[in-house]
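[1] No sequence on hand, only this structure:
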């Protein structure tokens, strides 16, 4: 048992192993982390096109390579050689900088994700993680959100109205859903007592947070879809409304960088959700000292959880229509944020009661259930909603009035009536025609 337990180092030993990494091993980890995003992007594009094609009863890509699986590779080779078109009204410096701001933070965010326990790489004991920061959660959260500023700058620097609208939507979107995502992580930090990603994984040995903190998990899943601009929250792109959104004026490799940033951000938020709520690299239902949680096997469990979450993105795109913008903002500000704040208060209260030793876990659960029951009973006792009067104009969920069924449309609008009256008054004021004294039909004398 002792050799197995030695594979689960504490924070000090983990930090010592990472600090003792030789330069060649650090460079190797860095290259692998930088390649994870582009390689998974090539795979995800084909997977998404084939999965959505299957959902829509069509084959999807099936021409390039065996089964069409080299289609993304062909696109990756094609895009750098396409013509670069730069608008005359574009701010060239910001126009070139925006794709870089979107792609680079997305590539480096995986550095703080723990992919596995202690392993041996060419005889060197190390942890499957590049850096283990005390505030690793905040670093990943910042890297996943900085990319949205690239979208804002891309829309502004293009010098075109449609990209500008997409950029403005990105600014509102990141403010709304970044707050909800950050609040959903607060519960995990309170339970684990740390903002280190590896410490959060270790704290889930007795139970994963996806069921212990179910509201936080659900809110995080919704927020990560909004954070990555994916359907049904792809309002900054909105091809049916804005042609292409913030990247309308981009082509060639700069467009490819935006595409890369979107899919790498999907990988980041999915890996982050795996670390925070799904036990990280741990196999379910077994202890940390089990053989399934040793060596390189945990890397397989981490990848399986990651791909399940990534398939969720594809599933949503193939099934749900795009939200209206007012619905999108209402969901963020009036649902996710208030529910998150109430849930944090509940977590803090339960943790305080439990740490004080006043109540046991069963007593807390019984008390919480009784409180929920009282709230439900009170909601049932509330008076029914007043029935609107007959002449009341119903309002849809978006705040737009609907005309009544018996609406009488006048033959003339008020403006047309006013114009008719003005013409009548002008005709009365018009002077009579002066006769020349010679009636039509009179003959000459």
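    Happy to help now that I have it. As the structure is a computational prediction, the values presented were derived from the model and not from experiment. Numbers count the residues shown, from 1 in each chain.
[2] Poorly predicted segments of the stretch 251-400 of the chain, please.
    358, 361, 384-400 (pLDDT under 70).
[3] All the strands of it, residue numbers only.
    In the stretch 251-400 of the chain, no strands are defined using DSSP state E, counting those that start in this stretch.
[4] Quick check: residue 98 touching residue 148?
    No: Residue 98 lies out of contact with residue 148 (CB atoms under 8 Å); the separation is 11.0 Å. Using the backbone N, CA and C atoms, a C-beta is placed for each residue, glycine as well.
[5] so what's residue 114 scoring on pLDDT?
    Predicted confidence (pLDDT) for residue 114: 92.
[6] One more: residue 401?
    64.
[7] and if you look at the one 10 residues further on?
    Per-residue confidence at residue 411 stands at 80 (pLDDT).
[8] count of residues packed around it?
    6 (other CB atoms under 10 Å).
[9] Then residue 217?
    Residue 217, neighbours per other CB under 10 Å, totals 20.
[10] show me what contacts it?
    Residues in contact with residue 217, defined by CB atoms under 8 Å, 6 or more residues apart in numbering, are 184, 209-211, 273, 277.
[11] What is the most widely separated pair among these?
    184 and 211 (14.7 Å; CB to CB).
[12] for the stretch 251-400 of the chain, what spans make up the helices?
    252-277, 297-319, 325-330, 337-356, 361-381 (DSSP state H, counting those that start in this stretch).
[13] nearest to residue 47, of these?
    Of the helices of the stretch 251-400 of the chain, nearest to residue 47 by CB to CB is helix 297-319, at 6.9 Å.
[14] how much does that closest one deviate in direction from helix 252-277?
    Compare the direction of helix 297-319 with that of helix 252-277 by axes from the mean of the first three to the mean of the last three CA atoms, to 10 degrees and you get 120 degrees.
[15] Sort out which residues of helix 297-319 are buried, please.
    Using 16 or more other CB atoms under 10 Å as the test for burial, helix 297-319 gives 297-298, 301-302, 305-306, 309-310, 312-314, 317.
[16] What of stretch 134-144?
    Buried positions in stretch 134-144, judged by neighbour count with 16+ other CB under 10 Å: 136-137, 139-141, 143-144.
[17] ok now that stretch, how far from the chain's centre?
    Using CA atoms, centre = their mean, to the nearest Å, the mean C-alpha position of stretch 134-144 is found 16 Å from that of the whole chain.
[18] what's the answer for stretch 303-310, then?
    Put simply, stretch 303-310 sits 16 Å off its chain's centre (CA atoms, centre = their mean).
[19] Can you tell me what sits against that stretch?
    Under CB under 8 Å, 6+ apart, the answer for stretch 303-310 is 44, 266-267, 270-271, 273-274, 278-279.
[20] Sort out which one of those lies nearest residue 59 for me.
    Nearest member of the contacts of stretch 303-310 to residue 59, counting by CB to CB, is residue 44, at 18.4 Å.
[21] how about the closest one, what does it touch?
    Listed by CB under 8 Å, 6+ apart, the contact partners of residue 44 are 263, 266-267, 310.
[22] That one belongs to a helix, doesn't it?
    Yes: the assignment for residue 44 is a helix, going by DSSP: H, G, I helix; E, B strand; the rest coil.
[23] Distance of it relative to residue 87?
    From residue 44 over to residue 87 the distance is 30 Å, taken as CB to CB, to the nearest Å.
[24] Also residue 103?
    The value you get for residue 103 to residue 87, if CB to CB is used, is 21 Å.
[25] Just want to know which of the two has more residues nearby.
    Of the pair residue 103 and residue 87, residue 103 is the one with more neighbours under other CB under 10 Å, namely 23 against 16.
[26] For that one, list the residues it contacts.
    Listed by CB under 8 Å, 6+ apart, the contact partners of residue 103 are 147, 150, 257-258, 260-261, 264.
[27] mind running it again at 6 Å?
    257, 260-261 (CB atoms under 6 Å, 6 or more residues apart in numbering).
[28] Run the chain-centre distance for the host helix or strand of it.
    Element membership for residue 103 (DSSP states H and E) is helix 92-108. Chain-centre distance of helix 92-108: 19 Å, with CA atoms, centre = their mean.
[29] Likewise for stretch 248-264?
    Using CA atoms, centre = their mean, the offset of stretch 248-264 from its chain centre is 17 Å.
[30] now the residue lying closest to residue 176 once chain neighbours are set aside: how far from residue 88?
    Once flanking residues are discounted, residue 176 sits nearest to residue 332: 3.6 Å by CB to CB, 6 or more residues apart in numbering. Distance, residue 332 to residue 88, by CB to CB: 37 Å.
[31] neighbour count winner among these two?
    Using other CB under 10 Å as the criterion, residue 332 and residue 88 rank with residue 332 on top: 22 against 5.
[32] ok, now which ones touch the more buried one?
    Residue 332 is in contact with 176-177, 180, counting by CB under 6 Å, 6+ apart.
[33] Make JSON lines from those residues and add secondary structure and distance to residue 61 to it.
    Shown next, in JSON lines, are those (DSSP: H, G, I helix; E, B strand; the rest coil; distance: CB to CB, whole Å):
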{"residue": "176", "secondary structure": "helix", "distance to residue 61": "35"}
{"residue": "177", "secondary structure": "helix", "distance to residue 61": "31"}
{"residue": "180", "secondary structure": "helix", "distance to residue 61": "35"}
